[in-house]
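Enquirer: attaching a predicted model along with its sequence, questions to come.
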Amino acid sequence: MPFEVEVDPDRLRPSEIPIAAGRSDRLHAVTGWQPDIAWSKTLDDLMSDAREHARNIEKEKLSRQDVS
């Protein structure tokens with residue numbers, strides 16, 4: 001399901017940063033921590049959840065139209 005992200009500038013706080021990016025190298029060097037879940041799996045799971053949520057919203061809209 002294709003989607004488009006639109007940013008409403010009126011809803012952004014002045015302290016919002018446009019992009020947040022980082023690496024876990026320093027954390028790993030200091031603590032030995034490393035992620036258990038691959039980044040690609042995290043993104044796949046996130047997108048699957050977002051798509052399911054969008055489908056549920058669409059189903060709810062359609063069911064409201066059926067009742068009307």
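Expert: Received, thanks.
Enquirer: what's near enough to touch the spatially most central residue of the chain?
Expert: In the chain, the centroid-proximal residue (CA atoms, centre = their mean) is residue 46; its distance is 5.5 Å. For residue 46, the contact set (CB atoms under 8 Å, 6 or more residues apart in numbering) is empty. (C-beta placed from N, C-alpha, C; glycine too.)
Enquirer: how much space between it and residue 37?
Expert: 11 Å (CB to CB, to the nearest Å).
Enquirer: hang on, the earlier thing: which helix or strand contains the residue nearest to the centre of the chain?
Expert: Using DSSP states H and E, residue 46 sits in helix 39-67.
Enquirer: any weak-confidence spans in this structure?
Expert: 1, 68 (pLDDT under 70).
Enquirer: how many residues are close by residue 27?
Expert: By the criterion of other CB atoms under 10 Å, residue 27 has 13 neighbours.
Enquirer: run the chain-centre distance for stretch 17-31.
Expert: How far stretch 17-31 lies from its chain's middle: 19 Å, per CA atoms, centre = their mean, to the nearest Å.
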